[in-house]
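In: Sequence and computational prediction follow.
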Amino acid sequence: MKSATEYLWFNTQKQREFINITDKVKGMVRRSGIAEGFVLVSAMHITAGVYVNDAESGLIADIGEWLEQLAPYKPDYRHHATGESNGDAHLKSLLVHHEVIVPITGGKLDLGPWQQIYYAEFDGRRRKRVILKAIGE
């Protein structure tokens, strides 16, 4: 079995962004030379997440609105007593999760017809990273 690891770095312009990283993950899988296996895509920060869904702009806006309804930005999170102001970002990260595992078949990502991989930033404007780890043969 072999493995390959790469990192993606982000420094978003906005506090909250959804970034399609599918092509970057495809490139990493291609460079890895792994034909059969899996790739782990994991945000390495507790105020970001990674998910798989459709790349349709209306749906992306709906996801953002849904997350804001469930974990709204507000000043009274207990976490803010630590001097932070990103309590909502931690909760949004829990909702979308911090990682996905995608199969590799025939040397390519084995995604469904509309599936895309997204990095979700909830506390941006600073440098953050995502780890890509492919494992297989």
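Out: Now that the structure is in, tell me what you want to look at.
In: Pretty sure residue 96 sits against residue 49.
Out: Yes - counting by Cβ atoms under 8 Å, residue 96 touches residue 49, with 3.8 Å between them. C-betas here are computed from N, CA, C, even on glycine.
In: Could you say which helix or strand holds the most centrally placed residue in the chain?
Out: When Cα atoms, centre = their mean is applied to the chain, the residue found nearest the centroid is residue 50 (2.1 Å). Per DSSP states H and E, residue 50 falls inside strand 48-53.
In: and the helix or strand following that strand, what's its mean pLDDT?
Out: Counting by DSSP H and E, the element after strand 48-53 in chain order, helix or strand, is helix 57-70. The average of the pLDDT scores along helix 57-70 is 98.
In: Could you list every helix and strand in contact with helix 57-70?
Out: For helix 57-70, the packing partners by 3 or more Cβ pairs under 8 Å, 6 or more residues apart in numbering; DSSP states H and E come out as strand 17-20, helix 87-96.
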